[in-house]
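Engineer: The sequence and its predicted three-dimensional model are supplied below.
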Amino acid sequence: QVQLQESGPGLVKPSQTLSLTCTVSGGSITTNYLAWSWIRQSPGKGLEWMGVIHYDGSTYYSPSLKSRTSISRDTSKNQFSLQLSSVTPEDTAVYHCARGSVLSLVPPSAYWGQGTQVTVSS
């Protein structure tokens with residue numbers, strides 16, 4: 001069974017870069033046709049899909065976040081990462097990594113990690 005675990009700082013200061021890592025176990029991030037997403041949830045904005053990295057390393061981002069978002073991977077560690085630059089308090093949310101397929105945008109919540117709270121505050 002594939003499991004995902006997010007890790008990273010829980011507190012980030014405004015204007016800094018938020019960095020999170022998702023460690024995948026029980027399956028490879030390079031398995032054909034799988035897609036690995038970042039999704040966030042906040043009381044004010046609800047659920048927001050941020051971006052994805054496919055099994056072949058190609059990346060796609062939400063148009064509203066594209067200028068500030070970067071997703072990368074380390075296949076040797078079976079991890080993928082999120083960087084969100086120039087954060088503001090509006091970026092405060094629970095951040096989830098998720099496993100899906102290249103045919104869908106937002107994977108079912110059953111395939112998400114448990115999530116990690118990130119607060120942007122000075």
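Structural biologist: Yep, that arrived.

Engineer: who's the residue nearest to the spatial centre of the chain bridged to?
Structural biologist: Geometric centre of the chain, nearest residue: Trp38, 2.4 Å, by C-alpha atoms, centre = their mean. Beta-bridge pairing of Trp38 under DSSP bridges involves Gly51, Cys97.

Engineer: show me where this protein has strands.
Structural biologist: In the chain, the strands defined using DSSP state E lie at 3-7, 11-12, 18-25, 34-42, 46-54, 59-61, 69-74, 79-84, 93-101, 116-120.

Engineer: For the residue nearest to the centre of the chain, give its distance to Met50.
Structural biologist: To Met50, Trp38 is 4 Å away according to C-beta to C-beta, to the nearest Å. No exception for glycine: its C-beta is placed from N, CA and C like everyone else's.

Engineer: overlap in contacts of those two?
Structural biologist: Counting by C-beta atoms under 8 Å, 6 or more residues apart in numbering, the contacts common to Trp38 and Met50 are Leu82.

Engineer: can you pull the contacts of the closest residue to Val52 other than its chain neighbours?
Structural biologist: Beyond its immediate neighbours in the sequence, the residue positioned closest to Val52 (C-beta to C-beta, 6 or more residues apart in numbering) is Ser37, lying 4.4 Å away. By C-beta under 8 Å, 6+ apart, the contact set of Ser37 is Trp49, Met50, Gly51, Val52, Cys97, Ala98, Arg99, Gly100, Val106, Pro107.

Engineer: so the fifth one touches Leu4, yeah?
Structural biologist: What it means is Cys97. Yes. With contact defined as C-beta atoms under 8 Å, Cys97 and Leu4 form a contacting pair (5.0 Å).

Engineer: So between those two, which is more surrounded?
Structural biologist: Cys97 (29 against 21; other C-beta atoms under 10 Å).

Engineer: quick one: contacts for the more buried one?
Structural biologist: Leu4, Glu6, Leu20, Cys22, Trp36, Ser37, Trp38, Ile39, Phe80, Leu82, Trp112, Gly113.

Engineer: List the beta-bridge partners for the second one.
Structural biologist: With DSSP bridges as the criterion, the beta-bridge partners of Glu6 are Cys22.
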